[in-house]
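1. I need the structure of the sequence given here:
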Amino acid sequence: MKQLITVLFLVLFTSCTSKKQLPKSKDDREWNRFELEGIVKTLKEKTYKADFDNEKYEESKLRLLKSKIVMFDSIGRYTKITSYDENNSISGSTIASYVQGKNYESVYYSKDNVFKNKNRIKYLSNKLILEESFSYKEELLFSIRVEKQNDRFSKVTLVNGDKIDSHFYYYTDDKFINNKVAINKNKDTISNIKYKYLVFDKNGNWTKRLSKNSFNKNDIGKLEVREISY
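-> You can find the predicted model right below:
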């Protein structure tokens, strides 16, 4: 299941003083799906298993969990995602095609390049997105509505058959630490992911961060490392 996720990033002091102002993409990428400023050509990202409480690592000594390469078009819309497993073998891919403005269709393929399902994303307004997922037989699997309230608050409604689940994502920050918290309609916390931003490039985009899901007792933390081409 693909859920829409947005994450705000904070900029280190040194990055703030030298940050270059880049042209913004003409597409919001579902309110900054990849947490990027400026028009990016390619994004390479690797995720390692790492202790959240340790900020200094030698990547060559960490266990690689997964990686991906994201390609963008000339106006900043993502066109393809290739995902890799811990052995650096292709685990799947996504192809996006844009039919009208920001509206687009994402087709998901398995590691053997077999069609899995496709999602159609429609911008109903500047603050409302509808995502519908279909099987290869064009059967509706589920739908998601994302209503943006502001940069730190979004309401997500998932409809899966007769099941309707509404919850909220909001973000809290403390300098270089950012929390993404999801609460349900009963105001119960159902997810809490903490991010710690370590390194930013000259354009203000993060290139290294730590993350940890406090709801997963087996998750000691992850280190995400990115290489960004403009």
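2. where does this structure have low pLDDT?
-> 1-29, 31, 173-175 (pLDDT under 70).
3. And the helices in it, which stretches?
-> Using DSSP state H, the helices found in the chain span residues 13-18, 29-32.
4. Tell me where this protein has strands.
-> 42-49, 63-72, 78-84, 90-100, 103-110, 115-125, 128-134, 140-150, 153-160, 163-174, 177-184, 189-200, 206-213, 222-229 (DSSP state E).
5. Need those in a markdown table (columns: distance to residue 33 and mean neighbour count).
-> Every C-beta, even on glycine, is put in place using the N, C-alpha and C of the backbone. A markdown table is the format used below for those (distance: least, CB to CB, whole Å; neighbours: other CB atoms under 10 Å):
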| stretch | distance to residue 33 | mean neighbour count |
| --- | --- | --- |
| strand 42-49 | 11 | 17 |
| strand 63-72 | 9 | 17 |
| strand 78-84 | 7 | 18 |
| strand 90-100 | 11 | 15 |
| strand 103-110 | 11 | 17 |
| strand 115-125 | 10 | 15 |
| strand 128-134 | 11 | 18 |
| strand 140-150 | 11 | 16 |
| strand 153-160 | 12 | 16 |
| strand 163-174 | 13 | 14 |
| strand 177-184 | 14 | 16 |
| strand 189-200 | 15 | 17 |
| strand 206-213 | 14 | 19 |
| strand 222-229 | 14 | 18 |
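6. Generate JSON lines for those, with distance to residue 57 as supplementary columns.
-> Below are the strands of the chain laid out as JSON lines (distance: least, CB to CB, whole Å):
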{"stretch": "strand 42-49", "distance to residue 57": "8"}
{"stretch": "strand 63-72", "distance to residue 57": "11"}
{"stretch": "strand 78-84", "distance to residue 57": "20"}
{"stretch": "strand 90-100", "distance to residue 57": "24"}
{"stretch": "strand 103-110", "distance to residue 57": "32"}
{"stretch": "strand 115-125", "distance to residue 57": "34"}
{"stretch": "strand 128-134", "distance to residue 57": "35"}
{"stretch": "strand 140-150", "distance to residue 57": "34"}
{"stretch": "strand 153-160", "distance to residue 57": "32"}
{"stretch": "strand 163-174", "distance to residue 57": "22"}
{"stretch": "strand 177-184", "distance to residue 57": "18"}
{"stretch": "strand 189-200", "distance to residue 57": "9"}
{"stretch": "strand 206-213", "distance to residue 57": "9"}
{"stretch": "strand 222-229", "distance to residue 57": "6"}
